[in-house]
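Undergrad: let me see the structure of the following:
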Amino acid sequence: MENKKISVWKGVFAPALFFALVLILYSLVLYFLDKMFNPALGAVVYLIYIVGVVLILRSYRDNVREGYITYGQAIGAAAVAGLYVGIISGVFTWLLYTVIDPDLTQRQMEFSRQLLLEKGLPEEQVQLAIERSMTWSKPWLKALMSIPGSVILTTLVALVAAIFIKNEPENPFAEVAQEEE
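TA: Predicted coordinates:
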């Protein structure tokens, strides 16, 4: 069998794209069910990330790396996948907040206002918190921040997942020797 070198950028693209589409689909379901601001359902995203990172790493190991991957390669692959997911999610976030529902930011701020008032905070503090939140709630900024957020989250998940995914060849020099032939 011919040993073809496929870069990590190409090797994780398809699974990362699929993962990003799953995240977008989940966001759309929450949006259409009017559950975008439900904290418990928002936490499900972390479970999706765990499953997604594990599947991406397994796919990369088995389909690109011929069944072998080191801990470091797994971390690197997860970071690259996180970059792809972050870019795709960022574009979706921007579209959601600017094209699909331009009033979504305002509804989010009103939801936050109600939560803070229910916690018993004075109106002045609530108003100050909402004004400060508006600074960071611009659609382009949310979209831009999804990129490092996704890279960090996928990398953090991979720090644990890679322990179980890694599968190093018995002879670590075999790959180098094979490339020299």
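Undergrad: which one is the residue most central in space within the chain nearest to, not counting chain neighbours?
TA: Nearest residue to the geometric centre of the chain (Cα atoms, centre = their mean): Ser150, 3.7 Å. Residue nearest to Ser150 in three dimensions, not counting chain neighbours: Gly86, with 3.2 Å by Cβ to Cβ, 6 or more residues apart in numbering. (Each C-beta comes from the backbone N, C-alpha and C, glycine too.)
Undergrad: ditto for Leu55
TA: Looking at Leu55 with Cβ to Cβ, 6+ apart, the closest residue is Pro15, at 6.5 Å.
Undergrad: so Lys5, which state does it fall into?
TA: coil (DSSP: H, G, I helix; E, B strand; the rest coil).
Undergrad: quick one: pLDDT of it?
TA: As predicted, Lys5 sits at a pLDDT of 83.
Undergrad: mind listing what's buried in the lengthiest helix in the chain?
TA: Among the segments of the chain that qualify as a helix by DSSP state H, the longest is helix 139-165. By 16 or more other Cβ atoms under 10 Å, the buried positions in helix 139-165 come out as 139, 142-143, 146-147, 149-151, 153-155, 157-158, 161-162, 165.
Undergrad: picking up where we left off before, and the contacts of the host helix or strand of the residue nearest to Leu55?
TA: If you go by DSSP states H and E, Pro15 is part of helix 13-32. With Cβ atoms under 8 Å, 6 or more residues apart in numbering as the test, helix 13-32 has contacts from 36, 38, 41-42, 44-45, 48, 52, 55-56, 59-60, 80-82, 84-85, 88-89, 92, 96, 100-101.
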